[in-house]
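*Asks:* Got a predicted structure plus its sequence, pasted below:
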Amino acid sequence: MTNHTIGVTGATGAVGGRVAARLARLGVAQRLIVRDINRAPEYPGSTAAMATYEDTSDFERACRGVDTLFLVPATESENRIDVHLSAVDGALKAGVSRIVYLSFLGAGPASTFTFARTHFFTEAHIRSTGLTYTFLRSSLYLDLLPAWVSDRGEVRGPAGEGRVAWVSRDDIADVAAAVLADPVAAAVSEDATHDVTGPEALSMAETAEKLGALTGRSIRYVPETPQEAMEARLAEGMPLWEAEGRVSSYTAIAANELDVVASTVQKLTGHPAQSIEGFLRRHPSAMSHVFC
């Protein structure tokens, strides 16, 4: 186990908070970097610092004394690349020696999923700094799958017959904690990219069918064309960049860019990745909003 201080961004959030809790159980010294100091969790051996990614100087101060930084992506926005680069630059100036960045599956400059392009350019910038790095490229979050289902029991979008291996935030946090704190896991992950996925790849129709069978509710996938999907989301009042991101998550599935099942969770944590069945057992009310 490392004796260095690990910086954890997003420590009040869904993934960063899980990672911080796991590191605390391991007795790791942490610097919890948060936007609101009053919400920072309190753990033995941890300190908290308030900073935003956008303010390079503040982020630099928050990272001083940190050896390894777990960098959670900022909330999606039009300028998210600039926000990420600012944070990376601050970490570099602070003397951080290693960054573990939570990226996205298949991140590339021409990824169909527009938000994945942001991750690619963030990865490229981290590489350019010369810092040691580990990129954890996660699949779509299993935890957010219920939000893809309307209260009428419909999943609408242009996903075609493509497949995706939904991954739980708990599994992502377990992998991140192992890579951050375990020297064996760290040794196999330095300057490496790991895909982090669930145990099986399913089409959207298969996903809906499984959700319905497990919950006893009527849930179905309703295919849309990309144009229909864009028009529907713009009509909801989404800004164009966000609508493009939401729709392209479906078209990325259709393009088979997310049809990946990796063994990373098992390899780095020693337990199998959580399935949809396992997730619903842990979260039995996840689909309670569906009234069918």
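*Replies:* Here it is on my side, so go on. Numbering: from 1, shown residues only.

*Asks:* pLDDT score for Glu60?
*Replies:* Glu60 carries a pLDDT score of 98 in this model.

*Asks:* On the three-state scheme, Pro41 is what?
*Replies:* Three-state call for Pro41 (DSSP: H, G, I helix; E, B strand; the rest coil): coil.

*Asks:* again with Tyr250
*Replies:* Taking three-state DSSP, the label given to Tyr250 is helix.

*Asks:* residues contacting the nearest residue to it once chain neighbours are set aside?
*Replies:* Leaving aside its chain neighbours, Tyr250 sits nearest to Gly157 (3.6 Å; criterion: CB to CB, 6 or more residues apart in numbering). Yep, even glycine has a C-beta here, placed from its N, CA and C like the rest. The contact partners of Gly157, by CB atoms under 8 Å, 6 or more residues apart in numbering, come to 148, 204, 223-224, 229, 247, 249-250.

*Asks:* which pair in those spans the largest distance?
*Replies:* Pro223 and Ser249 (14.7 Å; CB to CB).

*Asks:* neighbour count winner among the two?
*Replies:* Between Pro223 and Ser249, counted using other CB atoms under 10 Å, Ser249 has the larger neighbour count: 21 against 17.

*Asks:* got a list of what the more buried one touches?
*Replies:* 113, 115, 140, 157.

*Asks:* Three-state assignment for the nearest residue to Arg80 once chain neighbours are set aside, please.
*Replies:* Among residues not flanking Arg80 along the chain, Thr118 sits closest, at 4.9 Å (CB to CB, 6+ apart). Under the three-state scheme (three-state DSSP), the conformation of Thr118 reads as helix.

*Asks:* Tell me the pLDDT of the closest residue in space to Met287 that isn't next to it in sequence.
*Replies:* Spatially, and ignoring its direct neighbours in sequence, Met287 is nearest to Thr215 (4.7 Å; CB to CB, 6+ apart). Note for Thr215: predicted pLDDT of 94.

*Asks:* shouldn't Thr215 be in contact with Leu280?
*Replies:* Yes. Counting by CB atoms under 8 Å, Thr215 touches Leu280, with 6.9 Å between them.

*Asks:* what do those two both touch?
*Replies:* Met287.

*Asks:* Show me the helices in this structure, by range?
*Replies:* 16-25, 56-63, 80-94, 114-129, 169-181, 183-189, 204-215, 226-235, 240-254, 264-269, 276-282 (DSSP state H).

*Asks:* By neighbours, which of the contacts of Ser249 wins?
*Replies:* Ranking the contacts of Ser249 using other CB under 10 Å puts Phe113 first, with 27 neighbours.

*Asks:* for that one, what are its contacts?
*Replies:* 104, 106, 245, 248-249, 251-252, 257-258.

*Asks:* what's the closest non-adjacent residue to it?
*Replies:* Ala252 (3.9 Å).

*Asks:* same check, this time on Ala205
*Replies:* Tyr221 (4.3 Å).

*Asks:* before we move on, the earlier item: mind putting the contacts of Ser249 into CSV with pLDDT and distance to His289?
*Replies:* Below are the contacts of Ser249 laid out as CSV (pLDDT from 0 to 100; distance: CB to CB, whole Å):
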residue, pLDDT, distance to His289
Phe113, 98, 25
Phe115, 97, 24
Leu140, 98, 19
Gly157, 98, 18
